[in-house]
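*Asks:* structure for the following, please:
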Amino acid sequence: MTYRRLLLAVLALGLLACLYVGVRRERHEHRANRVEIVMDDADFQSLARSYAYEQRAFLIELRRAGLTSLAVQEELGGQISTSPSAALYAGPALLDQAKLTGFHDPVFARLAVHGIRSDEVYLVAYDRDTAARYTQQLSLKFSPRAVRVLRRADPTVFAIRTQADYFSSIGLGLPGERVALARAMALKLVPRLQNDERFKAPEIGLALDEAVRGHDAHTVIFFGLRNQVLGFPDSIDATAKAMRADNVDFGTVETYDVKQNQAGSETLAKDLPDRTVRVQAISKTEQDKLRPEDIIQRYDLGVRERNVRVVYLRPFAHQWAGRSIEATNVEIVRRIAANVRAAGLRVGTASPFERFVTRPWEIVLASLAVPAVLLLLLAEFGIGDRRWLIAFVAADVLLVLAGFAVHHDMAVRKLLALAGAIAFPVAGFAAIAPAFTAPRAPSTGAAILDGIRALVIATLVTLCGALVVVGLLSTPLTMLEVDRFSGVKLVLAAPPVLCLLLYLFTRRWGSQLTVKQLAASPVTVVALVLGAVLLAVGYLVLTRSGNQSDIAPSSLELALRSHLTTLLQVRPRFKEFVVGFPALMLAAALMPGHRARWGWLLALAIGVGLGDVVDTFSHLHTALAVSLLRLANGAILGIIIGAVAIAVYRAAVGRGIPWRARKQTA
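*Replies:* I've put the predicted structure just below:
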């Protein structure tokens, strides 16, 4: 067997292993098909009270439209003033009242008998359920010496030795009347709990039990001024254990900036990889600036393209298209639910990804594709032999096994995935090198067919790199974007640079330039301007990559994105269908003289497009089916644009050069 065949055999083995992992991942994505539509209870109450809406009737309409759950936030001490079942008074305020007018209410008159203190706050519970909840919560948050029960009969009175401002931030459990409302409306409960850094395993277990037991609760989302998960910083493992015991999932809130992540959320998700669901929410401040159509589309994109399984809604406080505010919110929920079903998903309890474990031997086999493609590229230039193959494969296997041995296998997998993500686009560019030196096609139709052939070959080779990324890095945590592929910017930047260097300094693409000639050539103003423009465009591409960028898209681009999403369901990437794919088709259509002049620019554009193909699949929180559809849409649009460009080019050349001259130059 020849050296090249050996390399192809090793490559095939690695790609088959990657395909096996990819198929398993797709099955997990297919099974995690339930989306929970949740309404924030605190904001819902505020809206309903502001406009005198009957809350039960409003919730019934929302449930009929598709709402599944009500997110009830733990009551804070500062919110008791609005509670119908409790009241809170600061000691200094009661002392002032006693001095001025005394107490006419018998409850407070008896309270004065016990002695009102300025360093205490006084909590009154008007019913037994509320009193029982406060009794339990106060025992969790304060020492026994800090809490006195001044009256056990209804209304129950507690004296808590603390500062009023501190007590206002203390969590006191879920309000019983809101939990009862969710149950009466046949809505699932989404408890929202606040962390207390003093909590250890017993307190964490009691807090979770109180929030979820018997309440039809399946997903817990944490909140708080310090934005921490329960158990942070030292007892997150206890929180994970308690959540498993209570059979509830952790809702990790999607953010566009890691600085906004809840403290401890990544650690908790790693403890609960098969019990974590992705939550998408829009802040109230931002939502007030959006149209209902924008809100609906944003949630639709999250569900379709980012594995969001909890749509967290806040009520929209404005009218829409002649509807009342109440009808507007019902219609928003109805359309979101309809979009979920249109995406092939179901509305219901959020479903996490099942435990998805890739065994070491699978990763070892999948990783073989990386040394194989690197050696194939070197072999194209006469570098390497069987000894190189043995050395590269041995180093690869040892590296992967060492990663598993020291429990840093993901770091090794990311490194190998990055190497493959860069190498395969370059291999795709190498595969279409003959297109740069082939004779010009005799007709426009033949030129378009040649261009499509080059596009298909380069894309298929590049897709092998996407398959390597999927095979090496697919885990529940990467699919939830808790763990990220950190080399995305290099995947975008390296292939175009490498393609340009290969084009300029090797002869496979027809360029006759050498390093010596390049160094001796004069620098013109046009070259400087063009270089500056290309550097600026490259910088823009890199800074715009990722979910969040300091450079916002223009209104025209946003409108175009919206129309493409509406038309094609999944929006293709501009770098593919506007830049890379048309350049692939033009490479085979240009006249030799024009290729010699503009081939370097085509090589750069092709590298941008092929690198972006792998980048599409590097967003591991996007379902594979969505990424494939995005690529297919981009290829179709790219072929259309490329065909038009070829037709225009040939027509322009045909008007400027007689056919006999064209034939001679060809």
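*Asks:* low-confidence ranges, the stretch 51-200 of the chain, go.
*Replies:* Applying pLDDT under 70 to the stretch 51-200 of the chain picks out residues 104, 112-114.
*Asks:* tell me the domain ranges of this structure?
*Replies:* The chain breaks down by automatic domain parsing into domains covering 34-74+177-347, 79-167, 407-665.
*Asks:* let me have those domains in TSV, extended by distance to F381 and mean neighbour count.
*Replies:* (Each C-beta comes from the backbone N, C-alpha and C, glycine too.) Below are those laid out as TSV (distance: least, CB to CB, whole Å; neighbours: other CB atoms under 10 Å):
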stretch	distance to F381	mean neighbour count
domain 34-74+177-347	40	19
domain 79-167	69	16
domain 407-665	7	18
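*Asks:* mind putting those domains into a markdown table with distance to F356?
*Replies:* As requested, those are exported to a markdown table (distance: least, CB to CB, whole Å):
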| stretch | distance to F356 |
| --- | --- |
| domain 34-74+177-347 | 8 |
| domain 79-167 | 36 |
| domain 407-665 | 5 |
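*Asks:* these: lowest mean pLDDT?
*Replies:* Mean pLDDT per stretch puts domain 407-665 lowest among the domains of the chain, at a mean of 82.
*Asks:* let me know the secondary structure of the residue lying closest to P496 once chain neighbours are set aside.
*Replies:* Computed as CB to CB, 6 or more residues apart in numbering, the closest residue to P496 that is not its neighbour in sequence is G607, at 3.1 Å. Secondary structure for G607, judged by DSSP: H, G, I helix; E, B strand; the rest coil, is helix.
*Asks:* could you number the chain from 413 rather than 1 from now on?
*Replies:* Happy to do that; since the first residue is 413 now, the last one works out to G1019.
*Asks:* wait, what's in contact with G1019?
*Replies:* Neighbouring residues of G1019 by CB atoms under 8 Å, 6 or more residues apart in numbering: P837, V838, F841, P907, P908, V909, L910, C911, L912, G992.
*Asks:* please flag which of those residues sit within strands.
*Replies:* Secondary structure from DSSP state E places none of these in strands.
*Asks:* quick check: bridge partners of Q606?
*Replies:* F635 (DSSP bridges).
*Asks:* so which of the domains of the chain comes closest to F765?
*Replies:* Of all these, domain 819-1077 sits nearest to F765, with 4.3 Å by CB to CB.
*Asks:* distance between the closest one and the chain's centre?
*Replies:* Averaged C-alpha coordinates place domain 819-1077 at 24 Å from its chain's average position (CA atoms, centre = their mean, to the nearest Å).
*Asks:* for the stretch 663-812 of the chain, what spans make up the helices?
*Replies:* 677-683, 696-699, 704-717, 737-754, 772-779, 781-791, 798-817 (DSSP state H, counting those that start in this stretch).
*Asks:* how about the stretch 963-1078 of the chain?
*Replies:* 967-980, 986, 993-999, 1004-1030, 1036-1068, 1071-1077.
*Asks:* between the ones you listed, which one is closest to A571.
*Replies:* Nearest of the helices of the stretch 963-1078 of the chain to A571, taken as CB to CB: helix 967-980 at 57.1 Å.
*Asks:* how about the helices in the stretch 463-612 of the chain?
*Replies:* Per DSSP H, counting those that start in this stretch, the stretch 463-612 of the chain carries helices over the ranges 467-477, 503-512, 518-526, 540-553, 576-579, 588-596.
*Asks:* need the CA coordinates for the last one. PDB is fine.
*Replies:* If I follow you right, that is helix 588-596. Extracted in PDB, the C-alpha atoms of helix 588-596 (Å, rounded to 0.1, in the frame of the first residue of the first chain):
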ATOM      1  CA  GLY A 588     -48.000  30.500  49.000                       C
ATOM      2  CA  GLU A 589     -50.800  32.300  47.200                       C
ATOM      3  CA  ARG A 590     -48.800  32.500  44.000                       C
ATOM      4  CA  VAL A 591     -47.900  28.800  44.100                       C
ATOM      5  CA  ALA A 592     -51.500  28.100  44.700                       C
ATOM      6  CA  LEU A 593     -52.500  30.300  41.700                       C
ATOM      7  CA  ALA A 594     -50.100  28.400  39.400                       C
ATOM      8  CA  ARG A 595     -51.600  25.100  40.600                       C
ATOM      9  CA  ALA A 596     -55.200  26.300  40.100                       C
END
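*Asks:* what sits against D808?
*Replies:* Residues near D808 by CB under 8 Å, 6+ apart: S779, L780, V782, P783, L828.
*Asks:* show me which pair in those residues is furthest apart.
*Replies:* L780 and L828 (9.8 Å).
*Asks:* any idea how far the closest residue to L562 other than its chain neighbours is from L1014?
*Replies:* Of all residues not flanking L562 in the chain, V569 sits nearest, at 4.4 Å (CB to CB, 6+ apart). The gap separating V569 from L1014 is 81 Å, by CB to CB, to the nearest Å.
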